[in-house]
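Participant: I would like to see how this sequence folds:
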Amino acid sequence: MFPNKQFILKIFILLTILLVIIWLFDFPFYRQLNNLSDDFNRAKKDLSLQFKQGNSYEKALTDYQGLYDKIPPFSKVFLADGSQLTLITKLENLATKHNLVQKINLGTQKESLADKIIKLGLNLQLSGSFENLVAYLAELKSLKTSLSVIGLDLKKINNDLLELNLNTQTFWLE
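Facilitator: Numbers count the residues shown, from 1 in each chain. Predicted coordinates for the structure are as follows:
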């Protein structure tokens, strides 16, 4: 009634193969699931601690809304691609209004700051009286023309005439 040796050997080989399969496939997955469980438990503890310290979703949303209200003024820093003529026209009209001779040199090297944001240099050479130059600069500031001044050079040409070289940067959205 006892099974023969061949049958026992087959069962032993089958069990060995099953154990090898379990060891090769199931244990790595079990370890990964254990690691994931540990990561979730750590994240749960961290979030609970942050919640106890006052860092909740509602607080983050309130902080975000406070920052979001400040975003529209920053959007005026960037000029839309294709509005170069509008900027040049504004600058020309401003110079004409203040009786200044203006020469505008657009930079040729575009510097990419981030995805779809380009920085481009703009050089303004103005000549006229001191009063007219000061009035031009004051109105230029009030226009919020999206120019960032990086350098200013003032030279005296003669008794009544000054030359102002204004190096600026503009920021464009492609």
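Participant: Help me confirm that residue 158 is found in a strand?
Facilitator: No - using DSSP: H, G, I helix; E, B strand; the rest coil, the assignment for residue 158 is coil, not a strand.
Participant: Now for it, how many residues are close by?
Facilitator: By the criterion of other CB atoms under 10 Å, residue 158 has 6 neighbours. Yep, even glycine has a C-beta here, placed from its N, CA and C like the rest.
Participant: Helices along the protein, start to end?
Facilitator: Taking DSSP state H, the helices of the chain run over residues 5-21, 27-52, 57-68, 71-75, 84-97, 130-143.
Participant: quick one: low-confidence parts of this protein?
Facilitator: Counting by pLDDT under 70, the ranges of the chain that qualify are 1-2, 70-78, 81-82, 108, 144-145, 174.
Participant: returning to what we had before: so which of the helices of the chain gets nearest residue 157?
Facilitator: Among the helices of the chain, helix 130-143 comes nearest to residue 157, with 11.5 Å by CB to CB.
Participant: and that closest one, how far out from the chain's middle?
Facilitator: Relative to the mean C-alpha coordinate of its chain, helix 130-143 is positioned 32 Å out (CA atoms, centre = their mean, to the nearest Å).
Participant: Okay, angle between it and helix 84-97 too, please.
Facilitator: Relative orientation of helix 130-143 versus helix 84-97 (axes from the mean of the first three to the mean of the last three CA atoms, to 10 degrees): 150 degrees.
Participant: how about helix 130-143: buried residues?
Facilitator: Residues of helix 130-143 classed as buried by neighbour count (16 or more other CB atoms under 10 Å): 132, 133, 135, 136, 137, 140.
Participant: Just give me the closest of the residues you listed to residue 60.
Facilitator: Checking the buried residues of helix 130-143 against residue 60 by CB to CB gives residue 140 as the nearest, at 39.5 Å.
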